[in-house]
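Participant: One predicted model, sequence on top.
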Amino acid sequence: MQLQRLRALEPLHCHSLFFAESQATHFVRRPVGPDTCAAVVKRCGGSLASLKAVHAAVLRAHLHLNLTFLTHLVARYASLGSLPHARALFALSAEPPDVFLWNVVVRGCVDGLRFRPALGLYARMRGQGIGPDNFTYPFVLKACGCLGDVKSGALVHHDALRSGYGLDVFVGNSLVAMYGKCGRLDVARQVFDRMPERNVISWSSMIGACARNGCYEDGLRLFWEMLDGGVRPNRGAAVDVMACVHREAEADVVCGVVKDNGLDSDLSVLHAAMVMYARCGRIDVARALFDGIHEKDLVCWSSMIEAYAKADMPLKALDLFRELLCLCIYPDAITLLSVLRACLELGSFLQACTVHAMIIRRFFESHVELNTCMVDLYAKCGNLEHARKFFDRMPEKNLISWSAMISGYAMHGHGREVLHLFDQMKFSVKPDHIVFVSVLSACSHSGLLNEGWECFESMSRDFGVTPIHEHYACMVDLLGRAGHLDEAVDFIEKMPIEPDAGVWGALLGACQIHRDVERAEKAAKFLFELDPENSGRYAVFSNIYASLGNKEEADQIRDLMKRREVRKLSGHSIIEIGNRIHTFVAGDRSHLQKDVIYSELDKLMAKTRLEGYKPNFHEAEEEIKENM
């Protein structure tokens, strides 16, 4: 009767069930068993306050918390995200918890992104002699995968094999996913191949592991193999295989399969298709898919903004972001990261300030990635003072944060500041090869020859970083700019790795500074073989001849460029006026205010001539000279 009465009152709020005068007195005064309480807990809605009210009423009635009721209560707290309450109740259990209760708490930790505590609970469970089952292992393996802790994952794998669950399909699926997340694709494939039974999740996990580790062709082959075996794809398999697609033709075929299996209306699949087409260079198709999604979530908006930013369409990205704000959808950290990448393309200081204000309003000031992007953005906008203030106020700095600030100083030729910051960094973070590129570049542009040599030699000696082509190119540039061209050539010839186009390009650039034709010819010979499509190399080499008055040789290089059909990309500029961004291509006359713009340019050119300025045409393209 008690259970029937409570079920009849199901529509009422749980708080009302216990504390509304007419029901609460009747409920508490009559003897109520733990099964009845468990039923109430199960029927409690998605409100943490309601659950606490039920719990409080049970305690006031001095009811015995047996294991069944405790399990329901812990599970409900965990599902509502109140992990501290769940774990506190678990710790107060008078009876030894069974495997089901352990699973509830472990799952609560994993669902609440508390992966280390989940592993700690698993260790306690094993220490108390509780045998895990095929529900325990998937939760624990998920925690290992999310942490990237392959060592712990391998130990759990060993436990599963010893307890007889190693060949269970659910455990096998979790093992494949875990090893894939930890970068051990080889072990993931071994587990997959040895599974006596596979379901669609098994295939999806293996395809996802391939995508995550950059083995896209393998992932696609597995997808076709899955279809040939008569396994119909589900949402997860569709999303995972789309992450493997990088060509438009493949994208069309995969979308056809998805449509045939009735998955084309699923929001997560549509989102994956949108990202896939953007990756394949079909930003128009991605936008059409985006526009076709009626109920867009924040992930969709963020992905489309990111797609525009990656496609070198930053203005489109910012327009879409403004549209998002007009709909009163509040951006999260991921959205703002996408917006910042678009701002980085533009180098827009006003946009940087706008995003900065939004980071403060949305309380993301402790977000390391956002802060790092802001430092990078302010530096690229040329405002090193703002960048440094932002950097100094960061509550937490990682390697990329230090790298961004050092790179900002290096970009603007502040060699001494770079070295000072580099010295500070060494006490807290070990520098990587990217940081050394920035430091060496700064030394080169600041003429700090001795400091550059010391930095280069300390890479492997003090930090265990093996120099790669970029570091050797920086050293050639450092020596070349300082006028030590003989030493630069000798340095190249003694390199332990084969010089690439970047190294020879650095030498060619130094030869242009010092008008050294002999060494330029040597560098150009290698460059025209290693990087024959780079128009800049031809232009620099031709300009070296032209600067010395060797017009015939300069024309020969231009002719070679034409014969090889190497095209020079048009230069462009971006100007920000009144919170509006204007872009111009060299020789562009499409702007609505072109007449006013070119009139002002003519006035400026006239003023420069009056001041005695004489342009140097040695490094200008022939077609530009003809128009001057």
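Facilitator: On my side now, so go ahead.
Participant: Low-confidence bits of the stretch 501-628 of the chain, can you list those?
Facilitator: Along the stretch 501-628 of the chain, segments meeting pLDDT under 70 span 568-592, 613-628.
Participant: Okay, helices next: where are they in it?
Facilitator: 501-514, 517-530, 535-547, 551-563, 594-610, 622-626 (DSSP state H, counting those that start in this stretch).
Participant: just the stretch 301-450 of the chain next, same as before
Facilitator: With helices called from DSSP H, counting those that start in this stretch, the stretch 301-450 of the chain shows them at 314-326, 333-346, 349-361, 368-380, 384-393, 399-411, 415-425, 433-446, 449-463.
Participant: So for Arg235, which of those sits nearest?
Facilitator: Checking the helices of the stretch 301-450 of the chain against Arg235 by CB to CB gives helix 333-346 as the closest, at 21.1 Å. Heads up, the C-betas are built off the backbone N, CA and C, glycines and all.
Participant: quick one on the thing from earlier: Serialize the helices of the stretch 501-628 of the chain to TSV and add fields for mean neighbour count.
Facilitator: Output for those, formatted as TSV (neighbours: other CB atoms under 10 Å):
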stretch	mean neighbour count
helix 501-514	22
helix 517-530	18
helix 535-547	21
helix 551-563	14
helix 594-610	11
helix 622-626	11
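Participant: Turn the ones you listed into CSV, including distance to Met358.
Facilitator: What follows is the helices of the stretch 501-628 of the chain, written out as CSV (distance: least, CB to CB, whole Å):
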stretch, distance to Met358
helix 501-514, 38
helix 517-530, 45
helix 535-547, 38
helix 551-563, 46
helix 594-610, 32
helix 622-626, 42
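Participant: Among the ones you listed, which comes closest to Lys316?
Facilitator: Lys316 lies closest, by CB to CB, to one member of these: helix 594-610, at 22.8 Å.
Participant: Ala243: neighbour count?
Facilitator: By other CB atoms under 10 Å, 18 other residues sit near Ala243.
Participant: Could I get the phi/psi values of Gly183?
Facilitator: Note on Gly183: backbone dihedrals following degrees, to the nearest 10 are phi 80, psi 10.
Participant: need the contact list for the closest residue to it other than its chain neighbours.
Facilitator: Nearest non-adjacent residue to Gly183, counting by CB to CB, 6 or more residues apart in numbering: Asn213, 6.3 Å away. By CB atoms under 8 Å, 6 or more residues apart in numbering, the contact set of Asn213 is Gly180, Gly183, Leu185.
Participant: Show the buried residues in the residues you listed.
Facilitator: Gly180, Leu185 (16 or more other CB atoms under 10 Å).
Participant: hmm, back to that, between the helices of the stretch 501-628 of the chain, which one is closest to Cys328.
Facilitator: The closest of these to Cys328 is helix 594-610. By CB to CB, the value is 37.7 Å.
Participant: how much space between Ser444 and Arg461?
Facilitator: Between Ser444 and Arg461 the distance is 20 Å, computed by CB to CB, to the nearest Å.
Participant: Just want to know which of the two has more residues nearby.
Facilitator: Neighbours were counted for Ser444 and for Arg461 using other CB under 10 Å; Ser444 has more, 26 against 9.
Participant: so who does that one touch?
Facilitator: Gly452, Cys474, Asp477, Leu478, Arg481.
Participant: try Gly145
Facilitator: Applying CB under 8 Å, 6+ apart to Gly145 gives the contacts Gly153, Ala177, Met178, Tyr179, Gly180, Lys181, Cys182.
Participant: Of those residues, which belong to helices?
Facilitator: The members of those that map onto helices under DSSP state H are Gly153, Ala177, Met178, Tyr179, Gly180, Lys181.
Participant: any idea how far Ala209 is from the last one?
Facilitator: As judged by CB to CB, Lys181 and Ala209 stand 8 Å apart.
Participant: For the two, work out which one has more neighbours and name it.
Facilitator: Of the pair Lys181 and Ala209, Ala209 is the one with more neighbours under other CB under 10 Å, namely 30 against 23.
Participant: Which pLDDT does the model give the more buried one?
Facilitator: pLDDT recorded at Ala209 is 97.
Participant: pLDDT and distance to Phe427 added to the ones in helices among the contacts of Gly145, as a markdown table?
Facilitator: Below are the ones in helices among the contacts of Gly145 laid out as a markdown table (pLDDT from 0 to 100; distance: CB to CB, whole Å):
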| residue | pLDDT | distance to Phe427 |
| --- | --- | --- |
| Gly153 | 96 | 33 |
| Ala177 | 97 | 39 |
| Met178 | 97 | 36 |
| Tyr179 | 97 | 36 |
| Gly180 | 96 | 36 |
| Lys181 | 96 | 32 |
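Participant: Give the burial count for His367, as a bare number.
Facilitator: Here the number of neighbours of His367 (other CB under 10 Å) works out to 20.
Participant: check contacts around the nearest residue to it once chain neighbours are set aside.
Facilitator: In this structure, His367 finds its nearest non-sequential neighbour in Ala333, 5.1 Å apart by CB to CB, 6+ apart. Ala333 is in contact with Arg362, Phe364, His367, Glu369, Leu370, counting by CB under 8 Å, 6+ apart.
Participant: which residues touch the second one?
Facilitator: Spelled out, it's Phe364. Phe364 neighbours (CB under 8 Å, 6+ apart): Ala333, Leu336, Leu370.
Participant: Phi first, then psi, for it.
Facilitator: For Phe364, the backbone dihedrals (degrees, to the nearest 10) come out as phi -110, psi 20.
Participant: measure it to Gly230 for me?
Facilitator: Distance from Phe364 to Gly230, by CB to CB: 48 Å.
Participant: The fourth one now?
Facilitator: Glu369 sits 43 Å away from Gly230, going by CB to CB.
Participant: When those two are compared, which one has more neighbours?
Facilitator: The neighbour comparison of Glu369 against Gly230 (other CB under 10 Å) goes to Glu369, with 16 against 6.
Participant: what's the nearest residue to that one if we skip its chain neighbours?
Facilitator: Closest residue in space to Glu369, ignoring its immediate chain neighbours: Leu337 at 6.1 Å, by CB to CB, 6+ apart.
Participant: what do you get for Glu250?
Facilitator: Among residues not flanking Glu250 along the chain, Leu220 sits closest, at 6.8 Å (CB to CB, 6+ apart).
Participant: Can you give me the pLDDT of the one you found?
Facilitator: On pLDDT, Leu220 comes in at 96.
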